[in-house]
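Chemist: predicted model follows, preceded by the sequence.
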Amino acid sequence: MASSHPILKDGEHGHLHYHLTSELPGTLYRLCRSVTHLNGDAVLPLYNYARRTLSSMDMDGCRKGADEYHIMERLKKALVHSGREIDAAHLAELHRRLQSQVLLKNRASVLSFLAQLSNVDAKNTKGKLSSTAFFKESLPEHRVSTPYTGRDKESHLSGRERENISALTISSVSSAHTGGSSGFSSIRGREIGSGDHQRTVPQAFIPSHLTTPAAKRDQLVSRVGNILRAVSLHDHRDANDSRQRSVAIHGSNPQALIPRGDNISSKSWEQKLIKDMIFVLQGIEGQWIKFDTTKNVFKVDSGAGISKAFRQQILHYSMCGLFYNMIKAYTDNHSTDKAFGLVGQSFCSALHQELTEYLRLIAVIEAQLQQDMDPCLEETSSALTFGRLQVWLYDPLVHLKWLAALVATSKGKKGGALTSHIFAYTQHGSSPQNSLFSHLLTVVSQPIYATLLRWMYDGELEDTYHEFFVASDPTVRNEQLWHDKYSLRKSMIPSFISMTQASRILLTGKSINFLRQVCEDRTPIKGREVAMKLDLTQAASMFSQDQNSDFQLMLDTVYEVTSQHLLNVLQNKYKFLEHLKAMRRYLLLGQGDFIRHLMDLLEEDLAKPASNLYLHNLTGILETAIRATNAQFDDADILRRLDVRLLDVSPGDTGWDVFSLEYGVDGPIRTVFTPECKIMYLRVFNFMWRAKRMEYVLAQIWKGQVSSQHGLGNDLKTELSQVLHQCHMITSSMTHFIKQVQYYINFEVLECAWDELLTKVNEAQDLDYIIAAHQVFLDTVLGRCLLNEKSREILQLLRTLFDLIIQFETAQGVFYDAVSSEAVTRSGFERAKRERVRKGEWELTEEIEREERSRRHAFLTSIIPSTRAKLQVLSTAYQDTVKQFLKMVASHPDASLRFLCFRLDFNEHYKVSSSPLSKPWIPALCYLYIQYSAN
């Protein structure tokens with residue numbers, strides 16, 4: 001076989017040369033043909049090159065200086081460095097099998113041969129097969145995230161595959177190791193020497209059919225290789241193109257890096273400078289780059305002899321170290337601070353994760369630099385240069401700058417305030433910045449999201465460090481749970497949660513606690529099991545509501561289910577609506593027959609001084625009134641709650657001034673009928689009770705006038721006609737006034753407000769809505785009944801009118817008592833006359849007639865003038881008070897009260913010439929016209 005090839009030369013090249021040329025020429029030829037799949041003359045150049053390699057002295061030197069282990073390590077490093085980590089793993093597997101063979105003794109020589117055979121310089125061996133192509137056919141290869149840099153490798157790709165080979169993408173590092181970072185893992189590098197056009201990087205992919213015994217080792221090597229390739233910027237052109245690109249980035253010649261007076265190469269100096277930069281990137285001083293404590297910046301040693309432009313670039317990227325130190329100091333100070341809370345700890349964890357990604361990048365850079373400085377490895381076009389280092393650090397510098405700015409402005413913030421601060425940074429047009437801070441916000445908001453779920457589904461509030469926007473006061477008793485125990489901590493409401501959403505969140509958890517602690521209902525909330533299993537990464541739905549409505553949908557669903565269940569419990573189990581109607585009937589005098597009969601029964605007792613009243617007597621009268629009216633058909637629980645209450649007694653008070661009814665409430669309905677609401681009911685009851693008494697008094701006055709008319713003689717009627725007429729006129733005027741006021745209170749105030757309240761209660765979605773509607777009802781009634789601060793003066797005038805009615809009743813009572821006595825006397829005189837006639841005596845004597853005439857004259861002169869004077873004073877006071885009342889009501893801002901003014905003086909009887917009273921009729925008439933138009 002050897003003789004048939006004339007290119008084989010004989011010579012003395014040592015023992016190995018003799019051994020190979022004498023025993024293995026045919027084997028070497030067959031090996032070359034088998035590996036390259038070439039035949040005939042095509043394989044001769046490779047065969048000739050293999051012969052020269054085996055005969056060279058370099059191989060001997062390599063064999064002398066290295067054993068089998070070091071040769072294998074150098075081969076594997078060379079394969080990994082060239083982007084063929086799978087081949088390196090297969091080489092290690094083949095070497096393991098080779099070690100198990102006992103026939104081959106000189107394994108180190110064979111490995112040295114393979115090492116020399118692989119060191120073919122593609123640039124200087126044009127037309128020859130490269131080491132890449134040599135091993136390409138023998139070892140399997142797989143496409144990974146960073147393509148191989150050799151030209152021969154690219155020559156075997158199609159045009160579309162060649163376009164898919166792109167520059168560094170650090171995201172492949174992140175996906176292989178962290179899988180969750182959004183900071184440095186999203187840095188996209190630039191390919192040096194590829195111009196401005198950037199191409200996408202194919203994702204790493206290992207075929208599933210790879211089932212070699214070293215599959216696990218392949219995966220490990222693949223991950224390591226992914227890291228190494230991900231940080232290597234491949235130049236798919238020759239070394240000259242790479243150097244030109246480096247010069248373009250530097251803005252100066254690489255020779256400018258060499259300090260003056262130092263006899264070292266540009267490459268060596270650049271590697272030392274990069275090594276210095278690696279320290280600086282970690283915030284540590286280097287050999288030539290020092291930290292200036294006065295200015296808090298890094299500076300380059302003036303003795304390094306580096307140009308000003310290059311020095312500025314170094315200082316610019318040294319800011320990475322400053323930002324790193326700032327962020328690390330923040331995390332170190334707050335990581336152990338328990339008062340910083342769970343949100344703060346999550347923030348520190350997220351920052352630490354970003355710093356870890358940054359340090360991983362530095363570690364990869366350092367590994368690349370060590371490989372470049374390894375003298376046993378060949379120099380490649382992908383060697384680390386300062387220009388490439390700048391490209392790699394461009395995005396990390398920006399990210400560190402953003403994080404440092406965030407850290408600097410986050411001091412003193414915690415909990416929801418911290419999430420709001422981070423959320424503000426996501427409102428930016430930069431997509432990388434949004435991605436970074438959205439990732440941070442997702443991690444930071446997870447404790448808030450977890451607390452929110454527990455609060456809304458279980459009513460549990462675990463907020464040791466006061467980070468959540470719902471606050472709890474453990475000192476509040478269950479009776480005040482709804483109103484006082486839970487509240488919103490507005491400073492902790494995240495800005496991505498609206499006030500309406502925060503109120504619903506508060507209301508939902510509060511409803512659950514109210515059901516369990518006050519209503520004693522422990523029915524689980526629908527959907528709780530599913531919600532508790534949700535991944536906390538869905539916290540992002542809180543601050544991405546413009547794109548995702550899941551959070552709002554969850555809030556609405558839980559809020560509606562919980563609130564509706566609470567309302568059902570109050571309506572069905574605790575009969576809230578029945579109690580509300582009972583208070584309308586008894587405290588707001590809606591049960592007319594009961595109120596009238598009660599007033600009749602209490603008239604005698606309430607006329608006594610207030611100090612002479614006894615509660616048990618009044619309670620007995622109340623029970624009698626209930627049994628005698630339709631109130632007896634009410635539920636026993638409602639009647640049991642109705643009771644008598646006596647107000648504080650003041651000097652001169654009668655029973656009418658201190659008597660009132662009370663409706664007792666307890667349990668969950670006490671949340672709606674609070675003690676404050678009961679006081680408001682009491683004020684309305686006292687006002688309406690007094691107005692009702694005025695109606696009752698005027699009815700008694702009219703009844704007295706009618707009954708007295710039948711007992712008076714014609715002579716007495718004629719003599720008292722003026723006084724009686726005056727009493728009738730005053731009574732009619734007062735009756736009209738009280739009836740209009742009563743109509744206004746009962747229909748325009750109570751009935752209208754009550755109808756609105758029932759409508760709101762029936763359409764209510766939560767308990768707060770009912771409480772608010774009930775409060776509006778009471779405020780409306782108080783305001784329109786002149787019981788608020790704005791109507792204090794009008795109320796005083798109305799009470800004066802009530803007092804005048806009582807005074808008129810007293811004056812008329814005194815008058816009718818005297819008239820009745822006179823009528824009885826005259827009736828006795830007439831009977832005496834008839835008796836004397838029956839006895840046969842004179843009917844009248846001169847003396848008797850003179851005495852009777854004198855007595856009647858004395859009566860008329862004593863009773864008529866004084867009574868007329870009293871009535872005139874009362875009438876004048878009443879008329880003046882009514883006029884003043886109408887003036888003030890006419891200028892009241894409430895339209896319904898202004899309309900009362902029109903009803904009281906519909907015929908303009910009280911109209912005066914002053915403008916304040918005459919002008920307000922226009923809005924009143926307009927209001928009346930609107931009412932009629934609406935009907």
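Modeler: Here it is on my side, so go on. From a predicted model like this one, the values you see are computed outputs, not experimental measurements.
Chemist: need phi/psi at Pro524.
Modeler: The phi/psi pair for Pro524 (degrees, to the nearest 10) reads phi -70, psi 150.
Chemist: what do you get for Ser430?
Modeler: The phi/psi pair for Ser430 (degrees, to the nearest 10) reads phi -80, psi 120.
Chemist: ranges for the strands of the protein?
Modeler: 289-292, 297-300, 470-472, 486-488, 642-646, 659-663 (DSSP state E).
Chemist: the first one pairs with which strands, parallel or anti?
Modeler: Strands that pair with strand 289-292, judged by DSSP bridges, come out as strand 297-300 (antiparallel).
Chemist: now do the strand it pairs with, average pLDDT.
Modeler: Averaging pLDDT along strand 297-300 yields 81.
Chemist: equivalent analysis for stretch 802-822, please.
Modeler: 89.
Chemist: identify the residue nearest the geometric centre of this structure.
Modeler: Residue closest to the mean C-alpha point of the chain, counted by CA atoms, centre = their mean, is Ile497 at 3.2 Å.
Chemist: the nearest residue to that residue once chain neighbours are set aside and Ala450, how far apart?
Modeler: Of all residues beyond its chain neighbours, the one nearest Ile497 is Met542 (6.6 Å), with distances taken as CB to CB, 6 or more residues apart in numbering. All C-beta spots, glycine's among them, are computed from the backbone N, C-alpha and C. Distance, Met542 to Ala450, using CB to CB, to the nearest Å: 12 Å.
Chemist: repeat for Leu639
Modeler: 50 Å.
Chemist: repeat that for Glu847.
Modeler: Taking CB to CB, one finds Glu847 at 112 Å from Ala450.
Chemist: for the two, indicate the residue with more neighbours.
Modeler: Ala450 (16 against 8; other CB atoms under 10 Å).
Chemist: and the pLDDT for that one?
Modeler: Ala450 is given a pLDDT of 90.
Chemist: quick check: it vs Met456, distance?
Modeler: Counting by CB to CB, the gap from Ala450 to Met456 is 11 Å.
Chemist: likewise for Asp521?
Modeler: To Met456, Asp521 is 17 Å away according to CB to CB.
Chemist: cool, Lys76 as well?
Modeler: Lys76 is 57 Å from Met456, where distance means CB to CB.
Chemist: please identify which of the two sits among more neighbours.
Modeler: Higher neighbour count among Lys76 and Met456: Met456, with 26 against 19, using other CB under 10 Å.
Chemist: what is the neighbour count of the closest residue in space to Leu79 that isn't next to it in sequence?
Modeler: Once flanking residues are discounted, Leu79 sits nearest to Ala88: 3.9 Å by CB to CB, 6+ apart. Close neighbours of Ala88, defined as other CB under 10 Å, add up to 25.
Chemist: list phi and psi for the residue lying farthest from the centre of the chain.
Modeler: The C-alpha centroid of the chain is most remote from Gly840, which lies 109.4 Å away (CA atoms, centre = their mean). When quoted as degrees, to the nearest 10, the phi and psi of Gly840 stand at phi 90, psi 10.
Chemist: and the pLDDT at it?
Modeler: In this prediction, Gly840 carries a pLDDT score of 80.
Chemist: ok, Gly459 next?
Modeler: 90.
Chemist: quick one, phi psi at it?
Modeler: Main-chain torsions, Gly459, degrees, to the nearest 10: phi 70, psi 10.
Chemist: can I get the strands of the chain in JSON lines including distance to Ser431 and mean neighbour count?
Modeler: Shown next, in JSON lines, are these (distance: least, CB to CB, whole Å; neighbours: other CB atoms under 10 Å):
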{"stretch": "strand 289-292", "distance to Ser431": "33", "mean neighbour count": "16"}
{"stretch": "strand 297-300", "distance to Ser431": "30", "mean neighbour count": "18"}
{"stretch": "strand 470-472", "distance to Ser431": "34", "mean neighbour count": "19"}
{"stretch": "strand 486-488", "distance to Ser431": "34", "mean neighbour count": "17"}
{"stretch": "strand 642-646", "distance to Ser431": "70", "mean neighbour count": "17"}
{"stretch": "strand 659-663", "distance to Ser431": "65", "mean neighbour count": "19"}
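Chemist: Gln709 is nearest to which of these?
Modeler: Among these, strand 659-663 comes nearest to Gln709, with 32.7 Å by CB to CB.
Chemist: and that closest one, what does it pack onto?
Modeler: Contacts defined by 3 or more CB pairs under 8 Å, 6 or more residues apart in numbering; DSSP states H and E place strand 659-663 against helix 576-586, strand 642-646, helix 675-711.
Chemist: winner for burial among those?
Modeler: Mean neighbours per residue, mean count of other CB atoms under 10 Å, is largest over the helices and strands packed on strand 659-663 for helix 576-586, with a mean of 20.
Chemist: chain center to that helix: distance?
Modeler: Relative to its chain's centre, helix 576-586 lies at 38 Å (CA atoms, centre = their mean, to the nearest Å).
Chemist: before I go, just wanted to say thanks for your time.
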